[in-house]
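Enquirer: Next one to model:
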Amino acid sequence: MLRFKKLVMENFGPYKGIEILDFPIDGGVVIVRGRNGRGKTSILSALRFVLFGYIKLNGKKTIPLIDYVNQIGADDGIYSYKVSLDVEMDGEDYEITRIYAPKSGITRPMSERDYSSPQLSIRNILTGEVLTPPSSIQFLNQIMTESVSRFYLFDGELLKEYESELSESEDEGATQIREGIEKILGVPILKNTKYHLDHCYHTQESAYRQVLAADKTTEDLGNARGMAEKRRDEFQKDIDALTKDFQEIEDELREKQSLFDKFANDKELFNEQTKCENALNQLTDRLKQNEETHKSELKNAWKGLLVPILLQHLTKIDLEINNTESKLTETQSREKVIRELQKSIDSNRCEFCKQPLDSESYQKLSALLLEKQNEVTGEMGEIDAERLQHLKNQSSYIKSINTDGNVRSMITSIHKLTSEITSLNKSIILAKINLSEANDKVRASSISSKELMQISMDIATLKSKKDKTKKGLDDAKIELDNKIKILKNIDEKLEEITKSGDSKVAQRRLKFLENFKNLVNTSISCYQEELRKQVQDDATKLFLQLSSEKEYAGLKINENYGLDILRDGENKIPLRSSGYEHLVAFSLIGALHMNAPMRGPLFMDTSFGRLDYNNSENLIRILPDLSKQVIILVHDREIDEEMVHRLIPSAIKARYGIERISARESHLRLEGGK
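Expert: Numbers count the residues shown, from 1 in each chain. Have a look, this model is predicted:
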């Protein structure tokens, strides 16, 4: 029997200094009560640390060990912690101790990289003998492996998950739990018998082969049987090797996945760092594009600034051009008249009517010519053709500026780009701050992104190897079955020709061992089935005590040790509440402890949260029946003190309270016994 005697935590989690949890000698129920966040789960974490060397939140997510360094102690320069567990194993007392401390030379550790692996020490309390590392590992495996620990140290919030994994489907989670259950029930010990019988069978086969070789009538079939044995053994070796490889791959994959999960927080840091880098790069690219566009548009921006002034000037220019052109047109018209008059006078013939001019007409035309000449030189003034052309050039240029590339739109675009550039510069400053903070967190992380990526790649590689190995294993099993059939055909022929003598005796011995081996295998299967039936019956008894629903008739177990609620005989309840998931899981755990060859303590953390008043009462009643040593970790609203003393007064052996010293420190206080 395994019994916990004392748990000592030193600077672990919220427990500064040394905190001791003593377990009564005569077993019974121990209640540890505390509000949320005070350190109940830390007690369970301390047990996992001292037994396995790591801590998993809710039994799944691995937590960095550095997170359990007591913060107040760290402020005082204490960066290590120690957990010791005194246990009684088969009548002898042992002290198991693990220490988590910084590496030599590290005075102020910043991450898990600065820490050594937890140091394990196991000492026989009576003799003082310290176990060697291999003996320590063997001792811990005898006490409790991780696969079975979920049924001794469990979080009540995982009860529903246990039941869902123990469904009819065959997956890795169900397989691990089933194997853990069978270890609790001692099935692996029985399977060792099978391996011993296999060895005896092969030894007899060798003797049988020698006898057949010595007899002329059986020599050929003996040789054929020898070849068939060789081929069978080759495939069996392949199967054994592949099975070993498959198990090693699974173990390594589980270890890698656990390691990957352990650094889940670091993975988030790397993702955040990458996110910050990408955000900064995107902002920088956008800023560069906007600055280039801004620079390009500024080349012509000066035009936009002059447009209002030039437009006012354009009005004056166009007015002057119009006036000048009007004057020019009128001057040209008058000059034409002058030319015609001058021509008439010079030719003494009217250019309009083509008649000779008389003296009077001549004088009149001369007077009119003089008048028109005076008008051109007087009223019209001198017209500067060069200035007129200059004015026209100015007008065309101003108009081209006003219409080229939509200047107004360009000005608006420049204003918008300027605003965006200012905003982007502010965003870049913030992005650089975020990236700097992310870089600081990454530098303090316990693993590099390259190392984490390598673990991820290793996981993918292992999954691929696992699939290939599984296929190779399945193919080898098919070939092995074929070789066994060939052996059976040869043996049938040998039975026909072997009548007496040494061959017959050797044949009968081999047949006896084969039948005995099959009998043992069948017996193991029957025993496993009987165990399942016994677990089912004991779980049903517990469930009927727990359940307040009278229509429920019991539980039915499946191959994975999952339990279904039955109503009216064989009718299963298809859907059940979270509360009843808890009751079914409690029933399973209690039944396992009842049927385990080695009884052990049962720790229950936050187990009553989903149960109503009646079911809580029922669970309290059966607590002493679940295990010889039951420790429950509860908060004030989960379990009523008066109810406990009313229902199981003699079973309560000790009560502890977790006292809040500060937000970072708690203290265990023994409140009393029975």
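Enquirer: tell me which strands and helices the biggest helix by length in the chain is in contact with?
Expert: Longest helix of the chain, by residue count under DSSP state H: helix 449-497. The helices and strands touching helix 449-497, judged by 3 or more Cβ pairs under 8 Å, 6 or more residues apart in numbering; DSSP states H and E, are helix 216-262, helix 264-298, helix 501-546. From N, CA and C alone the C-beta is placed, and that goes for glycine too.
Enquirer: Past the shortest one, which element shows up next along the chain?
Expert: What it means is helix 264-298. helix 301-347 (DSSP states H and E).
Enquirer: Lowest average confidence across helices and strands of this structure, where is it?
Expert: Ranking every helix and strand in the chain by mean pLDDT, DSSP states H and E puts helix 159-165 at the bottom, with a mean of 54.
Enquirer: thinking again about what came up before, which of the helices and strands packed on helix 449-497 sits closest to residue 367?
Expert: Closest to residue 367 of these, according to Cβ to Cβ: helix 264-298, at 67.5 Å.
Enquirer: I'd like the average pLDDT over that closest one.
Expert: Averaged across helix 264-298, the pLDDT comes to 85.
Enquirer: Mind giving me the packing neighbours of it?
Expert: The helices and strands touching helix 264-298, judged by 3+ Cβ pairs under 8 Å, 6+ apart, are helix 407-443, helix 449-497.
Enquirer: All the helices of the stretch 101-250 of the chain, residue numbers only.
Expert: Remark: helices assigned in the stretch 101-250 of the chain by DSSP state H, counting those that start in this stretch are 133-143, 146-149, 159-165, 172-184, 187-213, 216-262.
Enquirer: Let me have those helices in CSV, adding mean neighbour count as columns.
Expert: Output for those, formatted as CSV (neighbours: other Cβ atoms under 10 Å):
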stretch, mean neighbour count
helix 133-143, 14
helix 146-149, 19
helix 159-165, 19
helix 172-184, 18
helix 187-213, 15
helix 216-262, 16
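Enquirer: tell me, which of the ones you listed is the model least confident about?
Expert: Among the helices of the stretch 101-250 of the chain, helix 159-165 carries the lowest mean pLDDT (a mean of 54).
Enquirer: on that earlier part again, how about TSV for the helices and strands packed on helix 449-497, with distance to residue 485 added?
Expert: Output for the helices and strands packed on helix 449-497, formatted as TSV (distance: least, Cβ to Cβ, whole Å):
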stretch	distance to residue 485
helix 216-262	10
helix 264-298	50
helix 501-546	14
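Enquirer: closest to residue 106 out of those helices?
Expert: helix 264-298 (19.2 Å).
Enquirer: mind listing what's buried in the closest one?
Expert: 266-267, 269-270, 272-273, 276, 279-280, 283, 287, 290, 294, 297 (16 or more other Cβ atoms under 10 Å).
Enquirer: the strands in the stretch 1-150 of the chain, which residues?
Expert: Counting by DSSP state E, counting those that start in this stretch, one finds strands in the stretch 1-150 of the chain at the ranges 2-12, 15-22, 28-33, 55-57, 61-63, 81-89, 92-100, 119-124.
Enquirer: ugh, wrong one, I meant the stretch 551-674 of the chain
Expert: According to DSSP E, counting those that start in this stretch, the stretch 551-674 of the chain carries its strands in the segments 552-557, 563-567, 571-572, 602-605, 629-634, 652-662, 665-672.
Enquirer: okay, which residue of the protein is out on the far edge from center?
Expert: residue 359 (123.5 Å; Cα atoms, centre = their mean).
Enquirer: pLDDT wise, what is it at?
Expert: Per-residue confidence at residue 359 stands at 81 (pLDDT).
Enquirer: how much space between it and residue 366?
Expert: Distance from residue 359 to residue 366, counting by Cβ to Cβ, to the nearest Å: 11 Å.
Enquirer: out of the helices and strands packed on helix 449-497, nearest to residue 560?
Expert: Nearest of the helices and strands packed on helix 449-497 to residue 560, taken as Cβ to Cβ: helix 501-546 at 9.7 Å.
Enquirer: still on that earlier bit, chain center to the longest helix of the chain: distance?
Expert: Chain-centre distance of helix 449-497: 31 Å, with Cα atoms, centre = their mean, to the nearest Å.
Enquirer: for stretch 134-153, same thing?
Expert: Distance, stretch centre to chain centre, for stretch 134-153: 27 Å (Cα atoms, centre = their mean).
Enquirer: Extract the C-alpha set from it and format it as CSV.
Expert: In CSV, the C-alpha atoms belonging to stretch 134-153 read as follows (Å, rounded to 0.1, in the frame of the first residue of the first chain):
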residue,chain,number,x,y,z
PRO,A,134,18.3,4.4,-11.7
SER,A,135,16.8,3.0,-8.4
SER,A,136,15.1,6.4,-7.8
ILE,A,137,13.4,6.2,-11.2
GLN,A,138,12.4,2.6,-10.6
PHE,A,139,11.0,3.6,-7.2
LEU,A,140,9.0,6.5,-8.6
ASN,A,141,7.6,4.2,-11.3
GLN,A,142,6.4,1.8,-8.6
ILE,A,143,4.7,4.6,-6.7
MET,A,144,3.0,6.4,-9.5
THR,A,145,3.6,7.0,-13.2
GLU,A,146,2.2,9.9,-15.1
SER,A,147,-0.3,7.7,-16.9
VAL,A,148,-1.9,6.6,-13.7
SER,A,149,-1.5,9.8,-11.8
ARG,A,150,-4.7,11.3,-13.2
PHE,A,151,-6.6,8.8,-11.0
TYR,A,152,-4.8,9.7,-7.9
LEU,A,153,-4.1,13.5,-8.4
